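K.L.:
My questions are about this predicted structure, shown below with the sequence.
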Amino acid sequence: MTKHHSYKIKSYINASHAVRWASGVGQKHTHTWEIVCELHTVDKMVAFFDIEKHLHEALDELSGKFLNDLPEFATVNPTVENVTEYLFDKIDRTLRENGAQLMRIEVSDSPIRAYCIDVTDRD
């Protein structure tokens, strides 16, 4: 049996977006986005303050913003799926630079649904 140790950190940001459809752009609206990150660390114990600091550096770029105006979403539709992909890449890169790896991310723009990305193998 192999044990896998992980930490789960939950964060919230407020950001607005307007989804682009074939027929045009939807109405601008704001969400309180819930971001749940599960991360694997090299050591069994980490300083949560340091990990949370790096996590929030990535999230702060979106907090309080109209996502459609950001360069990352100029041509990419700011749907929950695409926001999750963007956050996974950004957060995983930041965590890897600091001794951790993102194993799972869940991003919710509603209390009743979330989009998730899981890593099935560890580097």
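P.N.:
Looks like it arrived, so ask away.

K.L.:
Show the end-to-end separation of stretch 94-105, please.
P.N.:
14 Å (CA to CA, to the nearest Å).

K.L.:
avg pLDDT for it?
P.N.:
The average pLDDT for stretch 94-105 rounds to 87.

K.L.:
Sort out which residues of it are buried, please.
P.N.:
94, 95, 100, 102, 103, 104, 105 (16 or more other CB atoms under 10 Å). Using the backbone N, CA and C atoms, a C-beta is placed for each residue, glycine as well.

K.L.:
do stretch 100-119 as well
P.N.:
Buried residues in stretch 100-119 (16+ other CB under 10 Å): 100, 102, 103, 104, 105, 106, 107, 108, 109, 114, 115, 117.

K.L.:
would you list those residues in JSON lines and tack on secondary structure and distance to residue 67?
P.N.:
Formatted as JSON lines, those follow (DSSP: H, G, I helix; E, B strand; the rest coil; distance: CB to CB, whole Å):
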{"residue": "100", "secondary structure": "strand", "distance to residue 67": "26"}
{"residue": "102", "secondary structure": "strand", "distance to residue 67": "20"}
{"residue": "103", "secondary structure": "strand", "distance to residue 67": "25"}
{"residue": "104", "secondary structure": "strand", "distance to residue 67": "22"}
{"residue": "105", "secondary structure": "strand", "distance to residue 67": "17"}
{"residue": "106", "secondary structure": "strand", "distance to residue 67": "18"}
{"residue": "107", "secondary structure": "strand", "distance to residue 67": "12"}
{"residue": "108", "secondary structure": "strand", "distance to residue 67": "15"}
{"residue": "109", "secondary structure": "strand", "distance to residue 67": "11"}
{"residue": "114", "secondary structure": "strand", "distance to residue 67": "17"}
{"residue": "115", "secondary structure": "strand", "distance to residue 67": "15"}
{"residue": "117", "secondary structure": "strand", "distance to residue 67": "18"}
